[in-house]
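Chemist: task: produce atomic coordinates for the following.
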Amino acid sequence: MLSSRLRRFDLYTKPVEDCRVKTSFGGIVTLVSFLVIVLLFITETWSFFTVQVVEQLYVDSTSADQQIEIHFDITLPNLACALVTIDLMSQSGDNKDSIKDDVFKQRLDINGKVIEGTKPEKQEVNTKKDGSNSTESSKNKEKCGSCYGAIRGCCNTCDDVREAYRARGWVLQNPEEIEQCKNDALLRALSQMPGEGCRLWGKLSVGKITGNFHIAPGVPSTHSSSHYHDFHSLSPGRFNTSHTINHLSFGQAFPGRRYPLDGRSVYTDKGGIMQQYQLKIVPTRYISDGKTIESHQFSITMLQKDIMNGAGGIPGIFVQYEFSPLMVQYEERQRSLSFFLVSLCAIVGGVHTVASLIDALFYSTQRALQVKGMVGKFS
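Modeler: Predicted structure coming up:
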């Protein structure tokens, strides 16, 4: 009794077995449908287990007091470590006490290998001199050294000779031949370390404001809030700043991050080249498994100046950075199990329905043509 009542609600009526017709085209449609279902099933399963990264763009609302770590690794094959200095400057006028750094240098031979018996040394950042670059001992001041025809009087230090030449309007072309300059640190490094290179690596902690850091030869000094490098009358052409940027990044690493300057080399057979890298830094947030990584990406514009051809500046590597007001956020997302199961059901049902329509259409057309042929034959 109950069974007969339930039959009234059956939407899936079953034809009598004798009324069913199987065709070869129907078999082809069935095989093709099965292959399509298997292919879509594999694709959907692969998509389910693949983590999707959704990218969104926001206005950067993070604090300007946030400290950013700059990680770098740079090799200068033609500049001895004794000649190299690192300076970091920003619009806020950060001084040495407010800068956190952890930078090291390693001497390299002419083949780019670590010089045997040498170890990495700590490299100070923003080391400034007081403007007196003489290395002569105080006892030399008791003598009356020659001014080499520039002025009458005594020139007991290398600085005295330079000032005498400046007063006369002369150029001190070969300071290494001046007796008072033979103990000059730059001249000693050039003469005693020919062919040496230097590798610099470490990290700098900077504020989230526009600034720059540069690696350059000479003695860095400040005068009236101006930053300059004293080459001790040496020509900028004596300093070859060819280099390879092994690594440069801002902030923490995250999956899929790119480093556009890694492995980039700038080589020249002459000195006096100022290489500038202008970086546009975009704050980046990466969210994965509920954990947030704060980092930064950047785009670059490169400029090169030849100091020996009259361009302003000093030879060296200058990295200038500016922060974008926009932030990019990447978030890892994975599809839910319920959505995956619904998709599988939709695949099976959809393919089966389309295949049934194709088979029915073909069969109806075939039957109509057969009937029309039979009518024509009897007429």
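
Chemist: bridging residues for the residue lying closest to S90 once chain neighbours are set aside?
Modeler: Nearest residue to S90, sequence neighbours excluded (C-beta to C-beta, 6 or more residues apart in numbering): G211, at 3.2 Å. Glycine gets a C-beta too; all of them are placed from N, C-alpha and C. Using DSSP bridges, the bridge partners assigned to G211 are S90, Y321.

Chemist: who touches G313 in this structure?
Modeler: 274, 305, 307 (C-beta atoms under 8 Å, 6 or more residues apart in numbering).

Chemist: burial count for the residue nearest to S90?
Modeler: G211 sits with 22 neighbouring residues when counted by other C-beta atoms under 10 Å.

Chemist: list just the nearest of the contacts of G313 to Q334.
Modeler: Nearest to Q334 among these: M274, at 49.2 Å, using C-beta to C-beta.

Chemist: quick check: the residue nearest to S90 touching L88?
Modeler: Yes: in this structure, G211 is within contact of L88 by C-beta atoms under 8 Å, at 7.0 Å.

Chemist: need the longest helix for this protein.
Modeler: In the chain, taking DSSP state H as the definition, the longest helix is helix 337-378.

Chemist: what's that helix packed up against?
Modeler: Counting contacts by 3 or more C-beta pairs under 8 Å, 6 or more residues apart in numbering; DSSP states H and E, helix 337-378 is packed against helix 24-49.

Chemist: next, the angle from the helix it packs on to helix 337-378.
Modeler: Here the directions of helix 24-49 and helix 337-378 differ by 170 degrees (axes from the mean of the first three to the mean of the last three C-alpha atoms, to 10 degrees).

Chemist: what residues of helix 24-49 count as buried?
Modeler: Judged by neighbour count using 16 or more other C-beta atoms under 10 Å, the buried positions of helix 24-49 are 26, 29, 33, 37, 40, 48.

Chemist: strands paired with whichever helix or strand comes after it, and their directions?
Modeler: Reading on from helix 24-49 to the C-terminus, the next helix or strand found by DSSP states H and E is strand 52-59. Counting by DSSP bridges, the strands paired with strand 52-59 are strand 326-333 (antiparallel).

Chemist: contacts for the partner strand next, please.
Modeler: Residues contacting strand 326-333 (C-beta under 8 Å, 6+ apart): 51-62, 254, 256, 282-289, 297.

Chemist: tell me the mean pLDDT for that strand?
Modeler: Averaging pLDDT along strand 326-333 gives 90.

Chemist: which positions in the host helix or strand of T75 come out as buried?
Modeler: Secondary structure assignment for T75, by DSSP H and E: strand 67-76. Residues of strand 67-76 classed as buried: 68-76 (neighbour count, 16+ other C-beta under 10 Å).

Chemist: show me what that strand packs onto, helices and strands only.
Modeler: Looks like strand 67-76 contacts strand 197-207, strand 211-217, strand 243-251 (3+ C-beta pairs under 8 Å, 6+ apart).

Chemist: which of the ones you listed sits most buried?
Modeler: Mean neighbour count (mean count of other C-beta atoms under 10 Å) peaks for strand 211-217 among the helices and strands packed on strand 67-76, with a mean of 23.

Chemist: need the next SSE after it, C-terminal direction.
Modeler: Using DSSP H and E, the helix or strand that follows strand 211-217 in sequence is strand 219-223.

Chemist: report the mean confidence score over the helix or strand following that following strand.
Modeler: Remark: after strand 219-223, the chain's next helix or strand is strand 226-230, criterion DSSP H and E. Mean per-residue pLDDT for strand 226-230: 75.

Chemist: for strand 226-230, which strands pair with it and how are they oriented?
Modeler: strand 219-223 (antiparallel).

Chemist: in the partner strand, what's buried?
Modeler: Neighbour counts over strand 219-223 (16+ other C-beta under 10 Å) mark 219-221 as buried.

Chemist: okay, the angle between it and strand 211-217?
Modeler: Interaxial angle, strand 219-223 versus strand 211-217 (the same axes, to 10 degrees): 130 degrees.

Chemist: got a list of what the closest residue in space to V354 that isn't next to it in sequence touches?
Modeler: Counting by C-beta to C-beta, 6+ apart, S33 is the residue found nearest to V354 once chain neighbours are left out, at 8.0 Å. If a contact means C-beta under 8 Å, 6+ apart, then S33 has 351-352, 354-355 as its contacts.

Chemist: that's a helix at I314, yeah?
Modeler: No: according to DSSP: H, G, I helix; E, B strand; the rest coil, the state of I314 is coil, so it is not within a helix.

Chemist: picking up where we left off before, relative to Y228, which of the helices and strands packed on strand 67-76 is closest?
Modeler: Short answer: strand 211-217, nearest of the helices and strands packed on strand 67-76 by C-beta to C-beta, at 10.3 Å.

Chemist: what packs against that closest one?
Modeler: Using 3+ C-beta pairs under 8 Å, 6+ apart: strand 211-217 touches strand 67-76, strand 84-90, strand 197-207, strand 316-323.

Chemist: just put these in TSV and tack on mean pLDDT and distance to F362.
Modeler: Formatted as TSV, the helices and strands packed on strand 211-217 follow (pLDDT from 0 to 100; distance: least, C-beta to C-beta, whole Å):
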stretch	mean pLDDT	distance to F362
strand 67-76	94	66
strand 84-90	87	75
strand 197-207	92	71
strand 316-323	94	65
